[in-house]
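Peer 1: With the sequence up front, the predicted model follows.
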Amino acid sequence: MLTLRRSEDRGHFDHGWLDTRHTFSFADYRDERFMGFSDLRVINEDRVKPGRGFGTHGHRDMEILSYVLEGELGHRDSMGNGSTIRPGEVQRMSAGTGVTHSEMNPSPDHPVHFLQIWILPAERGLRPGYEQRAFPEAERRGRLRLLASSDGRDGSVSIHQDAAMLGAILAPGDRVRHEIPAGRVAWVQVARGEVSVNGKDLRAGDGLAAVDEAALEIRAGGSGDADVLVFDLAA
């Protein structure tokens, strides 16, 4: 069974400095049909104006992944980490027993466009942790590259959950396939471009839930590259 989540149906708030869209219920946005999907709790698409950002704030018991599409995102946290996240990089922050951090657009001229993804951890009260890795476009072009996993295999970042995040950059006409083992489900999020998934057409911002499907057949369309994320999750 395939369930579409269209971009225009997401929660949307324009705060001036921040334009944000919520695939699932988040903060002041609530949709009982979309409270999350399996252990995937949040996919927020954020655009932050130059020199602005999220001041210091706290999190607990959540695996937080940041995936930058354009621009740069500055990060500082109470664990002593300070970094800049650029396109092609994935940052993982395990909030665990509690962490504070800030996320800022360091550019005086250019906005930053990124996805922030929250995954529920397998257990509460874990020790906070941080990881950041680069995944060159060549590793994602025309294929699904593992970006996050429970065991950090193949150079992916490690998350404390039986889940995986894969990413692909697809030129028009490119095809990739992801097998879904029995007892698992999948979510597809189109970050940029246009694709078809098992015959369903999706464009930037769209998501798709796959339940009781043996595999995902993803084909890029349109006139430019597509940037696609696939989440493999326990049912």
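Peer 2: Noted; the coordinates are in hand. Numbering: from 1, shown residues only.
Peer 1: alpha carbons only for contacts and neighbour counts from here, please
Peer 2: Fine.
Peer 1: so where's this protein uncertain?
Peer 2: Counting by pLDDT under 70, the chain contains no low-confidence range.
Peer 1: ranges for the helices of it?
Peer 2: For the chain, the helices defined by DSSP state H cover 137-140.
Peer 1: Which residues are in contact with the residue most central in space within the chain?
Peer 2: Nearest to the mean C-alpha position of the chain, by Cα atoms, centre = their mean, lies Ile117 at 4.4 Å. Counting by Cα atoms under 8 Å, 6 or more residues apart in numbering, Ile117 touches 40-44, 64-66.
Peer 1: got the contact list for stretch 98-113?
Peer 2: Contact partners of stretch 98-113, identified using Cα under 8 Å, 6+ apart, comprise 45-61, 68-79, 128.
Peer 1: out of those, which are buried?
Peer 2: Burial by neighbour count, 16 or more other Cα atoms under 10 Å: within the contacts of stretch 98-113 this picks out 45-50, 52-53, 59-61, 68-69, 71-77, 128.
Peer 1: Could you check how far the nearest residue to Gly71 once chain neighbours are set aside is from Asn105?
Peer 2: Of all residues not flanking Gly71 in the chain, Val112 sits nearest, at 4.3 Å (Cα to Cα, 6 or more residues apart in numbering). Separation of Val112 from Asn105 (Cα to Cα, to the nearest Å): 6 Å.
Peer 1: Same question for Glu217.
Peer 2: 36 Å.
Peer 1: Compare neighbour counts for these two and give me the winner.
Peer 2: Set Glu217 next to Asn105 and count neighbours by other Cα atoms under 10 Å: Asn105 wins out with 24 against 16.
Peer 1: For the more buried one, give me phi and psi.
Peer 2: phi -90, psi 110 (degrees, to the nearest 10).
Peer 1: If you count neighbours, what's buried in stretch 145-164?
Peer 2: Quick answer for stretch 145-164 (16+ other Cα under 10 Å): 145-151, 156-161, 163-164.
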